[in-house]
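K.L.:
generate a structure from the sequence data that follows.
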Amino acid sequence: MASPELLAILKKLEVNKLTEQRQGLGMELKGWIFDLICNGIYTRYETSLFVRSLFVTGYSFSQLVDLFSAIVKRKELASYFLEVATQFYKGVAFE
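P.N.:
Predicted coordinates for the structure are as follows:
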């Protein structure tokens, strides 16, 4: 298993790479994201993918929170959601 220091470095690297790729294009509702919205978020993995996808496509933090709170099925994912979301939206202007 990787050391905590290595994991922290890899997380920062991922945030930097996704920040470089961030666009304000929005997301077409089809495929897995459509299924996720229809069926809800149940796992940490789905939560993580959801945050990353909406961040890269330019959704604001408030839009992300609104969408997540509407479709999450397990309320205990809220703290994990905030942990992941703040990693990516740190330094992004809030609306």
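
K.L.:
nearest residue to L77 in space, please, no chain neighbours.
P.N.:
The shortest distance from L77 to any non-neighbouring residue, by C-beta to C-beta, 6 or more residues apart in numbering, is to T47 (5.2 Å). In short, each C-beta sits where N, CA and C put it, glycine included.

K.L.:
I figured that neighbour hits F81, correct?
P.N.:
Yes - between T47 and F81 there is a contact under C-beta atoms under 8 Å: 5.2 Å.

K.L.:
which residues are common contacts for these two?
P.N.:
Listed contacts common to T47 and F81 are 68, 72; contacts here mean C-beta atoms under 8 Å, 6 or more residues apart in numbering.

K.L.:
tell me the buried residues in the strand or helix carrying the residue nearest to L77?
P.N.:
Using DSSP states H and E, T47 sits in helix 44-56. For helix 44-56, the neighbour count (16 or more other C-beta atoms under 10 Å) marks 46-47, 49-56 as buried.

K.L.:
so what touches that helix?
P.N.:
Here helix 44-56 makes contact (C-beta under 8 Å, 6+ apart) with 18, 21-23, 27, 32-33, 36, 41, 63-64, 67-68, 72, 77, 80-81, 84-85, 88-89.

K.L.:
give me the distance between the most centrally placed residue in the chain and E5.
P.N.:
Taking C-alpha atoms, centre = their mean as the criterion, V51 is the residue nearest the geometric centre of the chain, at 0.9 Å. Separation of V51 from E5 (C-beta to C-beta, to the nearest Å): 23 Å.

K.L.:
report how many residues lie close to the closest residue to F68 other than its chain neighbours.
P.N.:
Spatial nearest neighbour of F68, excluding adjacent residues (C-beta to C-beta, 6+ apart): F81 at 5.6 Å. If you count neighbours by other C-beta atoms under 10 Å, F81 ends up with 20.

K.L.:
show me what the helix or strand where F81 lies is packed against.
P.N.:
For F81, the enclosing helix or strand under DSSP H and E is helix 78-89. The helices and strands touching helix 78-89, judged by 3 or more C-beta pairs under 8 Å, 6 or more residues apart in numbering; DSSP states H and E, are helix 4-21, helix 44-56, helix 61-71.
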